[in-house]
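**Student:** only geometry, no sequence info:
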């Protein structure tokens, strides 16, 4: 977890409300990723970034948006949270040689 | 569609035994195959990785066996210890692109 932190660690919210999760890294890595982890599905890529203001969709991007205005920060926004977005969210940073370093995760519950 | 298929979902092994987890992939463009280890409440951490130009890679008690023609790779944990109890994820991907995780295997090593 060194060099990458996520906030908040836990969040409970209501259906229909917007939610923003934050990821901060201190390693100056170019690549950053957002994954969600669900039982039976493993880790699925939501969005990723290959530089400031350069982002792309992953395999489960519907209902999510991201922004990266600085190298060190990568934000994940749920525009209007739904119960199906209850999950554990992990941010990761990449060195450029495919190795990923993950944060400790955010447990999100949408009621 | 699951890009990387992982089995078994759960595994119980006696201390000192061999733990074997298997993965299969379809995309022949994949050129990087890591295994990640995840402890409860933590993010996944890179354990060991292999590229398709070799058939085996060993690091301590952990070995990856790779069969390019069958599009399969496996993780072998020799002399399994209770401290190895964790969830293991395989991953497939190619340089500069998205990476796809398997669904995970929960390993329990009984003392």
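**Tutor:** Ah, there it is. For clarity, every value in this text was computed on a predicted model and none was experimentally measured.
**Student:** Mind listing the residues bridging to the residue nearest to the spatial centre of chain A?
**Tutor:** The centre of chain A sits closest to residue A:34, judged by C-alpha atoms, centre = their mean, with a distance of 3.1 Å. Assessed by DSSP bridges, residue A:34 has beta-bridge partners residue A:47, residue A:91.
**Student:** Report the contact partners of it.
**Tutor:** A:21, A:23, A:45-48, A:58, A:64, A:66, A:74, A:76, A:89-92 (C-beta atoms under 8 Å, 6 or more residues apart in numbering or on different chains). C-beta coordinates here come from the backbone N, C-alpha and C atoms, glycine included.
**Student:** buried stuff in stretch B:71-85?
**Tutor:** For stretch B:71-85, burial by neighbour count (16 or more other C-beta atoms under 10 Å in any protein chain shown) applies to B:71, B:73-77, B:80, B:84-85.
**Student:** chain center to it, what's the gap?
**Tutor:** 8 Å (C-alpha atoms, centre = their mean, to the nearest Å).
**Student:** State the mean pLDDT of it.
**Tutor:** Averaged over stretch B:71-85, pLDDT sits at 98.
**Student:** Is that stretch in proximity to chain A?
**Tutor:** No: using C-beta under 8 Å from any C-beta of the partner chain, stretch B:71-85 never reaches chain A; the gap is at least 14.6 Å.
**Student:** helix or strand right after the helix or strand bottoming out on mean pLDDT in chain B?
**Tutor:** Every helix and strand of chain B was ranked by mean pLDDT, DSSP states H and E. The lowest is strand B:99-101, at a mean of 88. Using DSSP states H and E, the helix or strand that follows strand B:99-101 in sequence is strand B:105-110.
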